[in-house]
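*Asks:* Could you work out the structure for the sequence below:
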Amino acid sequence: MLLRSSRVQTECEKFRAEPNLCLESRIQFAGRRVSYPFRKSTLRKIEEDAGHIRGSVSFSLDILQLKSNNRIEDGVSAVRSLLERTHSRQTSFAIRAWLQAPDISVNHNVVYPKHHPNTGLWLTNGPQFANWLVERSSFLWLNGFAGCGKSVLCAAAIQSTFRGDAA
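*Replies:* Below is the predicted model of the structure:
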């Protein structure tokens, strides 16, 4: 491509230089200068050179655009990865918060002062409660519909255990 470009420049220089010639030679030189651009072979060469240059510039621009697109895609991938990790962490946090056991001391401190003094004695003096206290890996299950008094029974059981009332 540089060879063609220099050849075009050489041809252009021929027309710029105006040698010290006689009047007849100058007229002949001017006639050649006027008629030269109309030579088909020269015009084809210049057109070919321009086509090659245009193709090279277009190819270079395509490469630059491809590099730019690749950088943008890499940036988008990084942002997508960051968003996925953030979403995963938020989901994990939400699940942990949901699975976290409630603080029963709050409920106990609200409910126990409201109960009657003998509430839950049938539970805390019963054999199932006593067995639950001494047996390892045992559990005591209180179930019932909402508002039936499970929290009050639990509060009575906790207080009975702290006092050592259960046998």
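*Asks:* where does the protein dip in pLDDT?
*Replies:* Counting by pLDDT under 70, the chain shows low-confidence ranges at 1-5, 7-8, 11-21, 33-40, 165-167.
*Asks:* How is it divided into domains?
*Replies:* When the chain is parsed with automatic domain parsing, its domains come out as 2-99, 104-163.
*Asks:* what helices or strands is whatever helix or strand L61 lives in leaning on?
*Replies:* According to DSSP states H and E, L61 maps onto helix 40-99. Secondary-structure packing of helix 40-99 (3 or more C-beta pairs under 8 Å, 6 or more residues apart in numbering; DSSP states H and E): helix 2-16. All C-beta atoms are positioned from the backbone trio N, CA, C, and that covers glycine.
*Asks:* three-state assignment of T161?
*Replies:* Classification of T161 using DSSP: H, G, I helix; E, B strand; the rest coil returns helix.
*Asks:* re the thing from before, would you reformat the domains of the chain as JSON lines and include mean neighbour count?
*Replies:* Putting the domains of the chain into JSON lines (neighbours: other C-beta atoms under 10 Å) gives the following:
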{"stretch": "domain 2-99", "mean neighbour count": "10"}
{"stretch": "domain 104-163", "mean neighbour count": "13"}
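*Asks:* tell me the contacts of N107?
*Replies:* Counting by C-beta atoms under 8 Å, 6 or more residues apart in numbering, N107 makes contact with 151, 155.
*Asks:* got the contact list for G31?
*Replies:* With C-beta under 8 Å, 6+ apart, G31 has no contacts at all.
*Asks:* Please report how far it lies from S41.
*Replies:* As for G31, its distance to S41 is 18 Å (criterion: C-beta to C-beta, to the nearest Å).
*Asks:* S77 now?
*Replies:* 53 Å.
*Asks:* same check, this time on R136
*Replies:* Note on R136: its distance to S41, by C-beta to C-beta, is 107 Å.
*Asks:* ditto for E47
*Replies:* Counting by C-beta to C-beta, the gap from E47 to S41 is 11 Å.
*Asks:* Confirm for me that L123 is in contact with A155.
*Replies:* No: judged on C-beta atoms under 8 Å, L123 makes no contact with A155 at a distance of 11.1 Å.
*Asks:* For the residue nearest to L142 when sequence neighbours are not counted, which residues are in contact?
*Replies:* Leaving aside its chain neighbours, L142 sits nearest to K150 (4.9 Å; criterion: C-beta to C-beta, 6 or more residues apart in numbering). Applying C-beta under 8 Å, 6+ apart, we find K150 in contact with 142-144.
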